[in-house]
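Q: Need coordinates for the following:
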Amino acid sequence: MATAVHAIASGPRLPPAAFASLSAATRKLRLASTAASTMDAASASSSDAKKTTTVFVAGSTGGTGKRVVEKLLERGFGVVAGTTDVGRARGSLPQDPNLQLVRADVTEGVDKLVEAIRGVDAVVCATGFRRSFDPFAPWKVDNFGTVNVVEACRKAGISRFVLISSILVNGAAMGQFLNPAYIVLNLFGLVLVAKLQAEKHIRSSGINYTIIRPGGLTEQPPTGNIVMQPEVRYEFCCDYH
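A: Model prediction:
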């Protein structure tokens, strides 16, 4: 069985009221360097220096995904950018000979994703639902969509998987029901619950994974250092086994 790696990264610690006021868009940026560094670590620890050279990025035109693509290219990786709109991606992502754009919609099932990721060495999942009138959008993207990517990795024989999740995904287990940030985030179709279910699937998938739960993310220029720490687990309502 592949080894499992779990990491949590938290950005600047924001007071709950301040974090609750952040829009969905402002929570999307900050940990691109962390995801790229995870790929660096995977390459450095491999006996074959070329083992992790091409990375597929799901959600490549989102705030976080775009930064992940940029950082990977800066570090010399080949990147396959998955997007639902290739034209949009062409206009927003860097012009780089090591970048390939492919249409990939995580909600369209496993088989199509297998074709998109075939041949890459690792996958970074930076997807996130967009606000719409569809109350099930968070589950379609942040739960079932992520599961589709994981299953596509298994089917294509790709064992290195990085998920950029969210702060307070396990808020219920931590007794944070009344935390303003937990309440606000879950107003959008219980998105944190959807993400937690996807994380559980990743843990049981057998692939080599890293889960990053970023703290308060903003679209402002980065300052200071990223603080990383292991996950603190809580036994609550059978949340973890």
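
Q: buried residues in the strand or helix carrying Gly65?
A: Gly65 belongs to helix 63-74 when assigned by DSSP states H and E. By neighbour count on 16 or more other Cβ atoms under 10 Å, the buried set for helix 63-74 is Gly63, Thr64, Gly65, Lys66, Arg67, Val68, Val69, Glu70, Lys71, Leu72, Leu73. In this view, the C-beta of every residue, glycine as well, is placed from N, C-alpha and C.

Q: In terms of secondary structure, what does it contact?
A: Counting contacts by 3 or more Cβ pairs under 8 Å, 6 or more residues apart in numbering; DSSP states H and E, helix 63-74 packs against helix 32-45, strand 54-58, strand 78-83, strand 122-125.

Q: Go again with 7 Å.
A: Contacts defined by 3 or more Cβ pairs under 7 Å, 6 or more residues apart in numbering; DSSP states H and E place helix 63-74 against helix 32-45, strand 54-58, strand 78-83.

Q: coming back round to it: which among the buried residues of helix 63-74 gets closest to Arg103?
A: The shortest approach to Arg103 among the buried residues of helix 63-74 belongs to Gly65, at 14.5 Å (Cβ to Cβ).

Q: Isn't that closest one up against Ala126?
A: Yes - under the criterion of Cβ atoms under 7 Å, Gly65 makes contact with Ala126 at 3.8 Å.

Q: Common neighbours of the two, please.
A: Common contacts of Gly65 and Ala126 (Cβ atoms under 7 Å, 6 or more residues apart in numbering): Val57, Gly59.

Q: Show me the strands in this protein, by range?
A: Ranges of strands in the chain, per DSSP state E, are 8-10, 54-58, 78-83, 99-103, 122-125, 160-164, 208-212, 227-229.

Q: Which of the helices and strands packed on helix 63-74 has the lowest mean pLDDT?
A: Sorting the helices and strands packed on helix 63-74 by mean pLDDT places helix 32-45 lowest, at a mean of 57.

Q: Please name the nearest non-neighbouring residue to Arg118.
A: Spatial nearest neighbour of Arg118, chain neighbours left out: Ala156 (5.2 Å); criterion: Cβ to Cβ, 6 or more residues apart in numbering.

Q: Over to Asn143?
A: Ala194 (3.9 Å).

Q: cool, Ala104 as well?
A: Gly82 is the one closest to Ala104 (Cβ to Cβ, 6+ apart), at 3.3 Å.

Q: Just list whatever residues bridge to that neighbour.
A: Ala58, Val102 (DSSP bridges).

Q: which residues sit in contact with it?
A: With the criterion set at Cβ under 7 Å, 6+ apart, Gly82 makes contact with Phe56, Val57, Ala58, Ser60, Val102, Ala104, Ala116.

Q: Next: Val141.
A: Shown in contact with Val141 (Cβ under 7 Å, 6+ apart): Val106, Thr107, Thr127, Gly128, Phe129.

Q: Cool, thanks, talk later.
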